[in-house]
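Chemist: Quick one, fold the following:
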Amino acid sequence: MVKNDYYNEFKGKYFNGDYPTIQEALEITVSRHPELLCFVSNAPVHVSMTFSEVHEAVKRIGSYLIEKGISKGDKVGLDGKNSISWALAYLSVSYAGASVVPLDNQMESEKVERLLPFSGARLFFADSDVLSRVNLSKEIEVIDLGKLEGLVPAALHPKAAISCSDTLSMLFTSGTTGNEKCVVLSHANIMSDAFMACSDDYLSLRTDDVMFALLPLHHAYCCTAVLIETILNGNSCLFGQGMTPSKIISDMKSGHVTFMMGIPMIYNKFLSSTMRKIREKGRLKYFMFALLMRLNGFSRKVFNVNHGRKWFSQVLESLGMMDLNVCICGAGPLSPKTFKAFQRLGIDFIQGYGLTETSPILALNPVKRFKVKSVGQIFPDIEAKIIDPDLMGIGELAVKGPCCTKGYYNDPASTAELFTEDGYLKTGDLGVLDKKRYLYLKGRAKNIIVTEGGKNVFPEEIEEHFQLYPQIGQIMVRGFVQNRSTMSEELEAVIYPAPEYFKGKSEQEVSDEIHGIVSSVNAKSVSYKKIARISIASQPMSMTTTKKIQRSKVARSINNLIRMF
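Modeler: Take a look at the predicted model:
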């Protein structure tokens, strides 16, 4: 049920279900804050829209779709880079009562041509470059996202009559295992998740906050945590120019971003670049900087006093983080060293956890009660349990709650596999829950490596140790069979060296330095967690748009690796 007091004031007037639909949430925010900025973009030119202007545009485009015959039960594809147009199309599809089918903007054309008909889409919004390279059936009408202003209906129509139980979005999973499934999420699934995340215990967003739509909006993480939260809370959303560090910093400075949702790769790059620049100033300055970081970390923890913006103003300004209140990391495990470093710099830095099937957020570290090694505290409205825990309490996390999907589109077999007999959704992630429901992830169930001594090793846990080495562009730890008579596994590290770091260096120099790093990590590891074999990749490993390595694809492209023992 809705927990926000101000939303309960509108129940019975704007909505009647357990949660408002996305259109009802937009109407409520427009009634409260019509003139506040909703969407902002600085590239290629500065564009901004108030909530009132967004609502008018949605009514216009939505009415156009209604006149095109789009109605409740229909599906509409959406494929484009993050932009105001993308957001308007998303909202307009729901205005007409249809379901949105967001597609990865980096998806191969043949996949678009296969997945869009599978979803049953009748219409397709896309950027012009996407439309120029895909060959779709004539039954699917296409609309260029760059031409939304030209969509003018004969008349404005009221929004479609739908409820929070109706489907809002159909999301294809990113396919780290190589098999896409189409997750069906209702308005209630997504809105309940947004409500839980923005409660006072977790994010507590204000109307003067600026959120950053940096990660791909087709992914549930950015869509719910940024776009939907913007509509729900009346803050503004800045659409980024891209994911290169220079563009991110430029956007954050000009947009005065206060909330940043990122992934481990981005934060690791920022931190390693910053610390490298400080090292270059000499040992004494580096020592003093590191000491101040530790002192500020102690001051924050013991006295709740933060000197970060005063002591590290130049560093924070160079990163575009002077206005930041909170950094959130999701979509993958983060090194505790990175977590601690940002906290010591004065930024409230927290981790979250979830998956597409749960809309996506299941757990979030409370800003004032975070635990460094935990990916977050399971939301109060979600039931959680560990299935078949071992002696250490490690087992598969299973959950039940309002944000959980009811299944996959046209895939009853996979839907049946997703749930336990008593209706819990199996996440596929292994972890431990403490008494206060903080979750400690250990890895994916399918990725476990079993050593000769019968020890279970989680590759993600090993990979974390390499996150802050600038020499490592990518790393994937996996098992290989050393002794076929016992079929036990040892650890192999597949490493793609960072090209910017090794530019101009010989193959032998690259090999020696990578070997030295692995030896250093091995020296700090227990015997069964030591890497026994290294493979150096000659080209980047295939990744999802949230920068997770697609392990199945790497396994198929093993010939692209140069062996080093």
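
Chemist: make it CA atoms for all contacts and neighbour counts henceforth
Modeler: Fine.

Chemist: tell me the SS of Ala363?
Modeler: strand (DSSP: H, G, I helix; E, B strand; the rest coil).

Chemist: what about it, how many neighbours?
Modeler: 24 (other CA atoms under 10 Å).

Chemist: Quick check: closest non-adjacent residue to it.
Modeler: Using CA to CA, 6 or more residues apart in numbering and skipping residues adjacent in sequence, the residue nearest Ala363 is Ile378, 4.1 Å away.

Chemist: Can you give me the distance of that neighbour to Gly401?
Modeler: Per CA to CA, to the nearest Å, Ile378 is found 11 Å from Gly401.

Chemist: ok, now Leu217?
Modeler: Distance from Leu217 to Gly401, by CA to CA: 24 Å.

Chemist: Looking at Ile378 and Gly401, which is more packed in?
Modeler: Ile378 (23 against 19).

Chemist: so that one touches Leu364, yeah?
Modeler: Yes: under the criterion of CA atoms under 8 Å, Ile378 makes contact with Leu364 at 6.7 Å.

Chemist: Adjacent strands (with direction) for the strand ranked longest in the chain?
Modeler: Using DSSP state E to define each element, the chain has its longest strand at strand 472-483. Applying DSSP bridges, strand 472-483 is found paired with strand 488-497 (antiparallel).

Chemist: Quick check: next helix or strand after the partner strand?
Modeler: helix 507-523 (DSSP states H and E).

Chemist: Pull the distance from that following helix to the chain's centre.
Modeler: Centre-to-centre, helix 507-523 and its host chain are 31 Å apart (CA atoms, centre = their mean, to the nearest Å).

Chemist: So which elements touch the helix or strand following it?
Modeler: Downstream of helix 507-523, the first helix or strand assigned by DSSP H and E is strand 531-537. Here strand 531-537 touches strand 488-497, helix 507-523, strand 561-564, going by 3 or more CA pairs under 8 Å, 6 or more residues apart in numbering; DSSP states H and E.

Chemist: tell me the mean pLDDT over the first one?
Modeler: What that stands for is strand 488-497. Mean per-residue pLDDT for strand 488-497: 85.

Chemist: which ones are touching the residue lying closest to Thr29 once chain neighbours are set aside?
Modeler: In space, and not counting its chain neighbours, Thr29 is closest to Gly234: 5.9 Å by CA to CA, 6+ apart. For Gly234, the contact set (CA atoms under 8 Å, 6 or more residues apart in numbering) comprises 29, 33, 36, 38, 51, 206-207.

Chemist: In helices only, show me these.
Modeler: Using DSSP state H, the members of the contacts of Gly234 that fall in helices are 29, 51.

Chemist: Just the buried subset of the contacts of Gly234, written out for PyMOL, thanks.
Modeler: The buried residues among the contacts of Gly234 can be selected in PyMOL (16 or more other CA atoms under 10 Å) with this line:
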select buried, resi 29+33+36+38+51
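
Chemist: okay if I get the contacts of Gly234 as a markdown table plus distance to Ile462 and pLDDT?
Modeler: Shown next, in a markdown table, are those (distance: CA to CA, whole Å; pLDDT from 0 to 100):
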| residue | distance to Ile462 | pLDDT |
| --- | --- | --- |
| Thr29 | 45 | 96 |
| His33 | 48 | 95 |
| Leu36 | 46 | 97 |
| Cys38 | 42 | 98 |
| Phe51 | 46 | 98 |
| Arg206 | 38 | 91 |
| Thr207 | 41 | 93 |
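
Chemist: biggest separation within the contacts of Gly234, which pair?
Modeler: Maximum pairwise distance among the contacts of Gly234 (CA to CA): 14.9 Å, between Phe51 and Arg206.

Chemist: possible to save the helices and strands packed on strand 531-537 as JSON lines with mean neighbour count and distance to Tyr353?
Modeler: Putting these into JSON lines (neighbours: other CA atoms under 10 Å; distance: least, CA to CA, whole Å) gives the following:
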{"stretch": "strand 488-497", "mean neighbour count": "22", "distance to Tyr353": "25"}
{"stretch": "helix 507-523", "mean neighbour count": "14", "distance to Tyr353": "26"}
{"stretch": "strand 561-564", "mean neighbour count": "13", "distance to Tyr353": "32"}
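
Chemist: Distance to Phe303 for these - can I get that in TSV?
Modeler: As requested, those are arranged in TSV below (distance: least, CA to CA, whole Å):
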stretch	distance to Phe303
strand 488-497	42
helix 507-523	35
strand 561-564	50
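
Chemist: Show me which helix runs longest in this protein.
Modeler: Looking across the chain with DSSP H, the single longest helix is helix 283-303.

Chemist: Give me the average confidence score over it.
Modeler: For helix 283-303, the per-residue pLDDT averages 93.

Chemist: Please identify the buried residues of that helix?
Modeler: 286, 289-290, 292-294, 296-297, 300.

Chemist: what about this protein, any weak spots by pLDDT?
Modeler: Confidence mapping of the chain against pLDDT under 70 gives the ranges 1-6, 174-179, 333, 445, 448, 450-456, 482-488, 545-546, 552-565.

Chemist: about what we covered before: of the contacts of Gly234, which is the nearest to Ile514?
Modeler: Using CA to CA, Arg206 comes nearest to Ile514 of the contacts of Gly234, at 45.9 Å.

Chemist: roughly how far apart are that closest one and Leu334?
Modeler: 27 Å.

Chemist: where along the stretch 301-450 of the chain do the helices fall?
Modeler: For the stretch 301-450 of the chain, applying DSSP state H, counting those that start in this stretch gives helices covering 308-311, 313-318, 336-344, 412-418.

Chemist: Out of those, indicate the one that is most buried.
Modeler: With neighbours taken as mean count of other CA atoms under 10 Å, the helices of the stretch 301-450 of the chain reach their highest mean count in helix 336-344, at a mean of 20.

Chemist: Output that helix as PDB, restricted to C-alpha atoms.
Modeler: In PDB, the C-alpha atoms belonging to helix 336-344 read as follows (Å, rounded to 0.1, in the frame of the first residue of the first chain):
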ATOM      1  CA  PRO A 336      34.300  -2.000  -0.400                       C
ATOM      2  CA  LYS A 337      37.400   0.100  -0.900                       C
ATOM      3  CA  THR A 338      35.500   2.300  -3.500                       C
ATOM      4  CA  PHE A 339      32.500   2.500  -1.100                       C
ATOM      5  CA  LYS A 340      34.700   3.700   1.800                       C
ATOM      6  CA  ALA A 341      36.700   6.200  -0.400                       C
ATOM      7  CA  PHE A 342      33.600   8.100  -1.500                       C
ATOM      8  CA  GLN A 343      32.200   8.200   2.000                       C
ATOM      9  CA  ARG A 344      35.600   9.600   3.200                       C
END
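
Chemist: What lies in contact with it?
Modeler: 267-268, 271, 293-297, 308, 348-350, 372-373, 468.
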